[in-house]
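okay, sequence plus prediction incoming.
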Amino acid sequence: MRKWWAVLTALTAPVLFLPPAAQAAGDPALAKDMLVRSIAFRTVEGEGQVPRLAAYYASVLQRAGFVAGDVEITPLGETASLAATIRGSDPQLSPLLLIGHMDVVAADPADWARDPFVPVEEDGYIFGRGAEDNKYDVAMMVATLAGLRKSGWRPRRTVTLLLSGDEESHMRTSRALAEKYKHAEMLLNGDGGGGLLDEDGQAVLYQLQAGEKSYADFEIAFTDAGGHSSAPTPGNPIYRLARAIDRIAAYRFAPMRNELTRASLALSADRIGGAVGAAMRRYAETGDPKAADLLSDYPEFVGQVRTTCVATMAQAGHARNALPQSAKVDVNCRIFPGLAVEVVKAELTQAIDDPGATITTLDHTQASDASPLREDVLKAVKAAVSARYPHIPVIPSMSAGATDSLYFRALGVPSYGVSSLFQRGEDGFAHGLNERVPVAGIPQALDQWERMVKALAQ
């Protein structure tokens with residue numbers, strides 16, 4: 001998705017407009033301070049720091065007027081989740097949920113120019129692991145609810161902020177939160193969507209994420225009796241592994257479309273232009289398989305038209321002078337919404353065409369459909385974004401990676417990625433080295449969250 005944004009940046013004329021000063025209830029100084037402080041919590045799997053960060057966020061909310069019963073921290077193993085609620089005046093209305101995650105992926109200080117867990121503000125950016133993914137929008141959401149509570153705001157619809165604690169790993173807190181809040185009206189996710197700036201910092205577009213691919217890992221294993229390397233056998237697991245990898249590399253799943261990708265491709269076609277833009281429009285309108293095949297030749301677009309599976313790790317053999325007794329490869333699949341994991345597994349089995357291969361699904365998998373492009377959501381998001389940057393398009397999108405929204409969508413809760421972060425394509429370093437976010441957009445980010453929450457909760 002980041003690569004697609006870079007392409008759009010190069011081919012889209014900038015919007016020469018300075019955003020107005022925001023008048024949000026949320027305090028920009030508090031939001032920035034929370035972001036900085038939160039980065040210092042090493043909320044990596046196994047560190048046991050997520051409950052401490054949850055307690056810090058809870059203290060911020062309590063100082064803003066949240067009572068103990070409206071802020072709940074739920075431990076789960078070494079991690080935890082947090083829920084903070086502003087009660088609505090109409091108990092007949094299902095609640096509006098906001099969500100983000102407190103945990104981050106690991107980072108080796110030896111690889112970074114700065115210690116990833118010592119936040120630094122430099123050249124207009126805040127650097128640190130989790131700055132982008134996902135502590136920026138978590139800080140914005142917490143500051144927004146704190147400001148709304150302090151102002152005495154009372155919505156018709158109950159608003160609950162949920163913060164998961166292991167989205168980057170096992171997603172147990174994500175599943176537990178989805179099960180507990182499965183009767184919600186909708187969910188707004190700060191870990192999805194967001195705005196794109198060009199190289200000069202001018203706004204280009206905003207992506208509203210309304211769907212995401214399911215994530216699944218499969219282990220494909222081959223075994224044989226082995227023996228002395230001087231007596232080769234036809235069942236060599238490494239040779240069978242190599243043939244299987246070649247077949248997986250050559251295999252293409254059937255192209256698929258949904259309401260979301262049709263809208264996204266159609267809106268992006270003119271900006272991309274050329275043969276690729278024409279293929280995007282043709283596929284959006286007709287589902288032309290040749291157009292899908294052309295788009296599949298581009299890494300930045302293949303994920304928008306079909307399921308993809310790719311070999312990511314391999315292991316084989318036990319000695320240089322012995323025939324291998326085993327070989328295995330891990331295959332990572334990003335599955336188009338609406339396609340069952342077991343169907344993908346069956347297609348992989350057929351593509352490999354080795355009756356002796358064993359295919360095992362790893363970890364927990366969950367498929368879900370895309371959320372409908374609800375008119376009330378589109379209207380609220382467009383209005384909030386337009387208050388920052390008039391005239392930029394709001395483009396529905398489907399992300400290739402999975403977020404907390406996956407489990408809510410699977411239980412029937414419409415979920416939308418509406419990050420308030422606007423950044424340049426070249427500044428996107430989520431999960432990477434020297435992760436950073438721009439400071440200047442914080443007041444407007446708070447304004448965006450407040451507008452969206454008020455529009456959908458009143």
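The structure has been received and is ready for your questions. Residues are numbered from 1 along each chain as shown.

pull the CA atoms of the one helix or strand residue 383 maps to into PDB?
Following DSSP states H and E, one finds residue 383 within helix 375-388. This file holds the C-alpha atoms of helix 375-388, laid out as PDB (Å, rounded to 0.1, in the frame of the first residue of the first chain):
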ATOM      1  CA  GLU A 375     -23.300   6.700   3.600                       C
ATOM      2  CA  ASP A 376     -23.100   8.100   7.200                       C
ATOM      3  CA  VAL A 377     -19.500   7.000   7.500                       C
ATOM      4  CA  LEU A 378     -18.500   8.400   4.100                       C
ATOM      5  CA  LYS A 379     -20.200  11.700   4.900                       C
ATOM      6  CA  ALA A 380     -18.600  12.000   8.400                       C
ATOM      7  CA  VAL A 381     -15.100  11.100   7.200                       C
ATOM      8  CA  LYS A 382     -15.300  13.400   4.100                       C
ATOM      9  CA  ALA A 383     -16.500  16.300   6.300                       C
ATOM     10  CA  ALA A 384     -13.700  15.800   8.800                       C
ATOM     11  CA  VAL A 385     -11.000  15.500   6.200                       C
ATOM     12  CA  SER A 386     -12.300  18.400   4.200                       C
ATOM     13  CA  ALA A 387     -12.100  20.600   7.300                       C
ATOM     14  CA  ARG A 388      -8.300  20.000   7.100                       C
END
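
residues near residue 112, how many?
18 (other CB atoms under 10 Å). Placement of C-beta: from N, CA and C, glycine included.

quick one on the thing from earlier: packing partners for the helix holding residue 383?
strand 203-212, strand 394-399, helix 442-457 (3 or more CB pairs under 8 Å, 6 or more residues apart in numbering; DSSP states H and E).

could you redo the last one with a cut-off of 6 Å?
With contacts taken as 3 or more CB pairs under 6 Å, 6 or more residues apart in numbering; DSSP states H and E, helix 375-388 sits against helix 442-457.

in the helix it packs on, which residues are buried?
Using 16 or more other CB atoms under 10 Å as the test for burial, helix 442-457 gives 442-454, 456-457.

next, the angle helix 375-388 makes with it.
160 degrees (axes from the mean of the first three to the mean of the last three CA atoms, to 10 degrees).

contacts for helix 442-457?
19, 22, 24-26, 28, 31-32, 96, 140, 144, 155, 157, 159, 380, 384, 388, 420 (CB atoms under 6 Å, 6 or more residues apart in numbering).

what residues are up against the closest residue to residue 221 other than its chain neighbours?
For residue 221, ignoring the flanking residues on the chain, the nearest one in space by CB to CB, 6 or more residues apart in numbering is residue 328 at 4.2 Å. Residues near residue 328 by CB under 6 Å, 6+ apart: 219, 221, 315.

partners of the helix or strand harbouring residue 328, with directions?
Secondary-structure element containing residue 328, defined by DSSP H and E: strand 326-335. As defined by DSSP bridges, the strand partners of strand 326-335 come to strand 214-223 (antiparallel), strand 308-316 (antiparallel).

most packed of these?
strand 214-223 (a mean of 20; mean count of other CB atoms under 10 Å).

may I have it exported as PDB, CA atoms only?
Taking Å, rounded to 0.1, in the frame of the first residue of the first chain, the C-alpha atoms of strand 214-223 are listed here in PDB:
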ATOM      1  CA  SER A 214      -7.100 -12.100   5.900                       C
ATOM      2  CA  TYR A 215      -3.700 -13.300   7.000                       C
ATOM      3  CA  ALA A 216      -2.800 -17.000   7.000                       C
ATOM      4  CA  ASP A 217       0.500 -19.000   7.200                       C
ATOM      5  CA  PHE A 218       0.900 -22.500   6.000                       C
ATOM      6  CA  GLU A 219       3.800 -24.900   6.600                       C
ATOM      7  CA  ILE A 220       4.300 -27.300   3.700                       C
ATOM      8  CA  ALA A 221       6.500 -30.300   4.700                       C
ATOM      9  CA  PHE A 222       8.200 -33.100   2.700                       C
ATOM     10  CA  THR A 223       9.700 -36.200   4.300                       C
END
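
could you point out which element follows it?
Sequence-wise, the next helix or strand downstream of strand 214-223 (DSSP H and E) is strand 227-228.

partners of that next one, with directions?
Strand 227-228 is paired, per DSSP bridges, with strand 322-323 (antiparallel).

hmm, who's touching the strand it pairs with?
With CB under 6 Å, 6+ apart, strand 322-323 has contacts from 226-227, 229.

repeat the analysis, applying 8 Å as the threshold.
224, 226-229, 231-233, 236 (CB atoms under 8 Å, 6 or more residues apart in numbering).

redo the residues you listed as a markdown table? Include pLDDT.
Converted to a markdown table, the contacts of strand 322-323 look like this (pLDDT from 0 to 100):
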| residue | pLDDT |
| --- | --- |
| 224 | 96 |
| 226 | 95 |
| 227 | 95 |
| 228 | 96 |
| 229 | 96 |
| 231 | 96 |
| 232 | 96 |
| 233 | 93 |
| 236 | 97 |
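
for this protein, which spans come out with low pLDDT?
Counting by pLDDT under 70, the ranges of the chain that qualify are 1-23.

where do the helices sit along it?
Using DSSP state H, the helices of the chain run over residues 2-11, 28-39, 50-63, 136-151, 172-180, 237-250, 259-272, 274-286, 289-296, 299-302, 341-352, 375-388, 405-410, 442-457.

got JSON lines for those helices, with distance to residue 199 too?
Formatted as JSON lines, those follow (distance: least, CB to CB, whole Å):
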{"stretch": "helix 2-11", "distance to residue 199": "7"}
{"stretch": "helix 28-39", "distance to residue 199": "24"}
{"stretch": "helix 50-63", "distance to residue 199": "34"}
{"stretch": "helix 136-151", "distance to residue 199": "21"}
{"stretch": "helix 172-180", "distance to residue 199": "35"}
{"stretch": "helix 237-250", "distance to residue 199": "35"}
{"stretch": "helix 259-272", "distance to residue 199": "16"}
{"stretch": "helix 274-286", "distance to residue 199": "21"}
{"stretch": "helix 289-296", "distance to residue 199": "25"}
{"stretch": "helix 299-302", "distance to residue 199": "18"}
{"stretch": "helix 341-352", "distance to residue 199": "39"}
{"stretch": "helix 375-388", "distance to residue 199": "19"}
{"stretch": "helix 405-410", "distance to residue 199": "30"}
{"stretch": "helix 442-457", "distance to residue 199": "20"}
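
out of these, which is closest to residue 429?
helix 2-11 (9.4 Å; CB to CB).

rewinding a little: and the strands paired with strand 326-335: which comes nearest residue 39?
Per CB to CB, nearest to residue 39 of the strands paired with strand 326-335: strand 214-223, 25.8 Å.

what does the closest one rub up against?
237, 240-241, 244, 309, 325-335, 337, 339, 341, 344-345, 348, 352, 354, 356-363, 365-368, 401-402, 406.

filter those down to just the buried residues.
Neighbour-count burial (16+ other CB under 10 Å) applied to these gives 237, 240-241, 244, 309, 325-329, 331, 333-335, 337, 339, 341, 344-345, 348, 352, 354, 357, 359, 365-368, 402, 406.
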